[in-house]
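>>> With the sequence up front, the predicted model follows.
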Amino acid sequence: MFIYILLVSIAALIQIATIYLLRQQILQSLLWAIPLIIVCQLLFLYSYSKAPKFLLIWFITTAITNSLAFLVGYFVWKEQVSWYNLVGVGIILLGIFLLRF
């Protein structure tokens, strides 16, 4: 299961970076972003197809992507954070922990 979570984390970081690069207009064209989008989607699809339980890896993927987007937004782009955001990330992490049982 560790390998699937690792692949999903890499895919999520690629996806988040692509969105921010497009948003900041560092990638001037969507044509430059297409290879990055294809790579992240292939990593997601590989994890979904090889994981022992689809729903488990799907929920973990959603949680990891949202949590990483929050952390990257806060630490890299200095976005504002409220207590609701922190409580939300805590609930997401608790949900991942509870999925293991």
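Arrived safely.
>>> What number of residues are in the vicinity of Phe59?
Applying other C-beta atoms under 10 Å, we find 15 residues neighbouring Phe59. Yep, even glycine has a C-beta here, placed from its N, CA and C like the rest.
>>> For the residue lying closest to it once chain neighbours are set aside, give me the pLDDT.
Once flanking residues are discounted, Phe59 sits nearest to Leu99: 6.1 Å by C-beta to C-beta, 6 or more residues apart in numbering. Looking at Leu99, its pLDDT reads 78.
>>> thinking Leu99 is in contact with Ile57, fair?
No - contact criterion C-beta atoms under 8 Å: Leu99 and Ile57 do not qualify, at 9.8 Å.
>>> out of the two, which sits in the more crowded spot?
Each of Leu99 and Ile57 has its neighbours counted (other C-beta under 10 Å); Ile57 has more, 22 against 14.
>>> What helix or strand is the more buried one located in?
helix 54-75 (DSSP states H and E).
>>> contacts for that helix?
Helix 54-75 has contacts (C-beta atoms under 8 Å, 6 or more residues apart in numbering) with 4-5, 8-9, 12-13, 15-17, 20, 44, 47-48, 51, 79, 81, 85, 88-89, 92-93, 95-96, 99.
>>> what do you get if the cut-off is 6 Å, keeping everything else the same?
Helix 54-75 is contacted by residues 4, 8-9, 12, 16, 47, 51, 79, 81, 89, 92, 96, 99 when judged by C-beta atoms under 6 Å, 6 or more residues apart in numbering.
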